[in-house]
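**Student:** I need the structure of the sequence given here:
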Amino acid sequence: MKKLSFIDAISAWENAIKNKDKSKLDKLLSDEFVWKNIAMEGEGSKVETIEWAINVSKEVPGFEIGDYKTIYEGEDILVGTHSVNQDDRDETIVLCIANISKDGRHITRWRHLRAEYPE
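**Tutor:** Numbering: from 1, shown residues only. Just a heads-up that it's a prediction; the model follows:
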């Protein structure tokens, strides 16, 4: 079995956001998945996360993610960054920390922190 990478994981998010195709994200996230926004102290389940991903561009015009960078990939954790572009806001950067299931096939928790790029 191929080891799960940060690029694999973030690409599943992008597919849901950009193409409104939830199949890869649904397969990637465990049934017990929790998405946590560190800054806003919010949480979402697998179902809520997938719904957010396929609907975000309706709520936030021009929302796109890109510029993926892997920081660390271990047996139980993935760490990386990506950019976010959206209408009426400067580009931002997001730090992502993803916990991997014991079988190595799913993401069980996704935490992120979003910030402005320094001027």
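
**Student:** by contact count, what packs against the host helix or strand of residue 7?
**Tutor:** If you go by DSSP states H and E, residue 7 is part of helix 6-19. Packing partners of helix 6-19 (3 or more CB pairs under 8 Å, 6 or more residues apart in numbering; DSSP states H and E): helix 23-28, helix 46-59, strand 64-73, strand 77-86, strand 89-100. Every residue, glycine included, has its C-beta placed from N, CA and C.

**Student:** Just checking the distance from that helix to the centre of its chain.
**Tutor:** 7 Å (CA atoms, centre = their mean, to the nearest Å).

**Student:** Please work out the angle formed by the directions of it and strand 64-73.
**Tutor:** If you take axes from the mean of the first three to the mean of the last three CA atoms, to 10 degrees, helix 6-19 sits at 170 degrees to strand 64-73.

**Student:** buried ones in helix 6-19?
**Tutor:** 6, 9-17 (16 or more other CB atoms under 10 Å).

**Student:** Tell me which residues touch residue 99, please.
**Tutor:** 76-77, 107-110 (CB atoms under 8 Å, 6 or more residues apart in numbering).

**Student:** mind checking pLDDT for the nearest residue to residue 29 once chain neighbours are set aside?
**Tutor:** Leaving aside its chain neighbours, residue 29 sits nearest to residue 46 (4.7 Å; criterion: CB to CB, 6 or more residues apart in numbering). On the pLDDT scale, residue 46 is placed at 96.

**Student:** and residue 46, how many residues sit next to it?
**Tutor:** 20 (other CB atoms under 10 Å).

**Student:** Next up, the contacts around it.
**Tutor:** By CB under 8 Å, 6+ apart, residue 46 lies in contact with 26, 29-33.

**Student:** Identify the bridge partners of the nearest residue to residue 84 once chain neighbours are set aside.
**Tutor:** Nearest residue to residue 84, sequence neighbours excluded (CB to CB, 6+ apart): residue 92, at 4.8 Å. Note on residue 92: beta-bridge partners residue 84, residue 116, judged by DSSP bridges.

**Student:** Likewise for the one 4 residues further on?
**Tutor:** Residue 96 has the following beta-bridge partners by DSSP bridges: residue 80, residue 112.
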